[in-house]
Structures are given as structure tokens and as C-alpha cells.
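*Asks:* here is my input; please provide its structure:
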Amino acid sequence: MGAVIAVLIVVGVVLVIGVVLTYNKLVTLRNRFKNAFAQIDVQLKRRYDLIPNLVDTAKAYIKHERETLEAVVKARNQASSAEQKAADNPDDPAAMKNLLDSESQLGGALGRLLVTVERYPDLKANENMAQLSEELASTENKIAFARQAYNDAVMAYNTKREMFPSNMVAGMFNFKEAVMFEIEDEKERDAVKVSF
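*Replies:* Numbers count the residues shown, from 1 in each chain. Next comes the predicted model:
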């Protein structure tokens, strides 16, 4: 009888250790993807800060293109608001979906602005516009790299979360599936091309 109790105690201790190790691994992976999102967050904020300067510079040259400029400002404000909500809780699928949709709209609006700018040689030649365009292009590249790191971290977390026996621990402690930072519209997959 004493041997049976000892075996049960050992099995219980092994199970508890397994649950604790799995829980800690899930926490580590969740924190990694949240940190990776923080890197995207920094670059998105930089982009959002550059856009008003870009619009202000363009305003002086393309006054009758007001609708295009307003669309960029509106899309930037919506994306900035969505980014803040996603940054507060990057493991909230609804917040991430809203951010992805807002980013898609912003990319489209920026693309239309850049096409419009192409029609104005004086604006293309403006030194301030060239510098802002260069900074925006650099920021777009940094966003792409940060997004890749984030998606890699999300994949590692989701894979661990779905594997047995981790999936049991994830279910017990409510570890939710993380959302990839993907662009669903094929046209939006192309990086915003900034060249003046």
C-alpha cells in the first residue's frame, strides 16, 4: 500500500512539474510575440508621425487634390487609433483585425497620394518632400522586417499552444490563439513605393 501511494505521489509531482514547465513556456512565447508587436508598434508610430508632414508638404503644391489629402489624413487617424488598441492588447484578435484593416486602408490612401504626387514635378523636386519620402520608404522597410519577426513569434506561440499536451495547459489557463500580421488583399502585399 505504501508503494502505491509513493508511485501516485511521484506521478502527481511529475504531472505538476510538466504543467508548470508547459505554462512557463507558453508565457515566454506569448511575451515574445507581444515584444515583437511592440517593435511593429514603434515603426507604425514613426510612419504615422511622418504622414502629416508629407501631407503638409504636398498641400502647398496640390491644393485642388484636397480629397486625396483628406483620405490620407483620415486613414492615418483610423490606423493610429487601431494601432493603439492593438498595442494595448496584441493578443486580442478583434483589435489585430481592426489594425490590419486600417493599415490596408492607409496603404491604399498613401498609394493614391504617391500617384498624385507623380503628376507634380515641382513637388517631386521639393527637397523636404524627397527627405520625407526617403524616411517613409525606410520606415516601410522596417515595418516589413518587424512584421516578419512578429509573425515568426506568433507562429512559435501558436504551434506550442496547439501541440499535445501543451494544448491542454493552454486551454486550462486560457491562452488564446495569436493573430498573424498579414495583409489579405493581394494588391496591398506590395510595399508602398516611395520615389520622387
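*Asks:* who are the contact partners of Pro165?
*Replies:* Contacts for Pro165 (CB atoms under 8 Å, 6 or more residues apart in numbering) come out as 18, 22. For glycine as for every other residue, the C-beta is placed from the backbone atoms N, C-alpha and C.
*Asks:* again with Arg76
*Replies:* The neighbourhood of Arg76, defined by CB under 8 Å, 6+ apart, consists of 48, 51-52, 106, 109.
*Asks:* can I get the buried part of the residues you listed as one PyMOL selection?
*Replies:* Only the buried entries of the contacts of Arg76 go into this PyMOL selection, using 16 or more other CB atoms under 10 Å:
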select buried, resi 48+51+106+109
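*Asks:* quick check: closest non-adjacent residue to Arg30.
*Replies:* Tyr157 (5.7 Å; CB to CB, 6 or more residues apart in numbering).
*Asks:* surely the one you found and Phe33 touch.
*Replies:* Yes - under the contact definition of CB atoms under 8 Å, Tyr157 touches Phe33, with a separation of 5.1 Å.
*Asks:* overlap in contacts of the two?
*Replies:* Shared contacts of Tyr157 and Phe33, defined by CB under 8 Å, 6+ apart, comprise Ala178.
*Asks:* what about the residue nearest to Arg30, how many neighbours?
*Replies:* Counted with other CB atoms under 10 Å, the neighbours of Tyr157 add up to 26.
*Asks:* if we can go back for a sec, which of the contacts of Arg76 sits closest to Glu162?
*Replies:* Set against Glu162, the nearest of the contacts of Arg76 by CB to CB is Leu106 (32.0 Å).
*Asks:* can you pull the contacts of that closest one?
*Replies:* 72, 75-76, 78-79.
*Asks:* give the buried subset of these as a ChimeraX selection command.
*Replies:* A single ChimeraX command is used to select the members of the contacts of Leu106 judged buried by 16+ other CB under 10 Å:
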select :72,75,76,78,79
